[in-house]
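Asks: Predicted structure and sequence below. I'll ask about it afterward.
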Amino acid sequence: MPHPEIALPRLIAHRGLSARAPENTLTAVRAAHEAGCRWVELDVQLLGDGTPVIWHDRDVKRCSNGRGRLATLSLAGAKRLDAGGWFASAFAGEPMATLEEMLALLVERGMGVNLELKVNRGHDPTTLAEVVVPTVLAALPPEQRLLSSFDAQALARSRALAGPEQLALGVLFKRIPDDWAERCRAVAAYSVHADWRYLRETRARSMKAAGVAMLCYTVNDIEVFERLGRWGIDGVFSDDPGRLVDQGA
């Protein structure tokens, strides 16, 4: 199965450099770039008015000064929120980023992105894919984009919108199920993304032998990082990739 020629780094900044800046913000991606990261992982979902934004949670309570669900917000309302002050006073006034704004920054910095299609309860996975996929295809070259999701419908619709030579897809699992190969084949997946805490060496090696790229989340410990490397894992998502590099030096 042909896929884009993606040169995945071993370390990908999780939600931007989220150990040092508010997650999923433009500032967190700038910080990742300044720290030498070539790729970032980010989450995308839709506001109530259909605008795609870079955000992880179903609501805005944890990462802003507001309350309420994303599904009830308009872009104007979202832009009134402070999405940085919760992290540290130095980031007060940081706005919620739209997908369009984030893609422009990634293009400017020449960075790659693993964009997770985040399907929280009450959100439509098909609509999310139909909004996000064409926007990403228009903004980034194939070798700098990877879309992933836990949601089978979001992945299926994404694949219907773009073939495997145009768009790499990653299937997200917490615990890798026995039918992982069938689920990957169903969407011509490029990669599997798994929670390292539930991954075993035998499963990791069998997946690598099958030719699927393997990524693990969220790795912030040097011993875990090195162990996964010995198992043949292609890359990991980390809140602070530089720390793993420094510790491993």
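Replies: Thanks, I have it. Residues are numbered from 1 along each chain as shown.
Asks: what about the longest helix in the chain?
Replies: Longest helix of the chain, by residue count under DSSP state H: helix 125-139.
Asks: Distance from that helix to the middle of the chain?
Replies: The chain centroid and the centroid of helix 125-139 are separated by 14 Å, computed with C-alpha atoms, centre = their mean, to the nearest Å.
Asks: after that helix, next one along is what?
Replies: Once the chain leaves helix 125-139, the next helix or strand it forms, by DSSP states H and E, is strand 145-149.
Asks: Which elements pack onto that next one?
Replies: Strand 145-149 is packed against strand 112-117, helix 125-139, helix 152-161, strand 168-173, strand 191-195, with contacts defined by 3 or more C-beta pairs under 8 Å, 6 or more residues apart in numbering; DSSP states H and E. Bear in mind the C-beta positions are built from the backbone N, C-alpha and C, glycine included.
Asks: same thing but 10 Å
Replies: Applying 3 or more C-beta pairs under 10 Å, 6 or more residues apart in numbering; DSSP states H and E, we find strand 145-149 packed against strand 39-46, strand 112-117, helix 125-139, helix 152-161, strand 168-173, strand 191-195, strand 213-217.
Asks: can the ones you listed go into a markdown table with extra columns for mean neighbour count and mean pLDDT?
Replies: Putting the helices and strands packed on strand 145-149 into a markdown table (neighbours: other C-beta atoms under 10 Å; pLDDT from 0 to 100) gives the following:
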| stretch | mean neighbour count | mean pLDDT |
| --- | --- | --- |
| strand 39-46 | 24 | 98 |
| strand 112-117 | 25 | 98 |
| helix 125-139 | 18 | 98 |
| helix 152-161 | 20 | 98 |
| strand 168-173 | 21 | 98 |
| strand 191-195 | 23 | 97 |
| strand 213-217 | 23 | 97 |
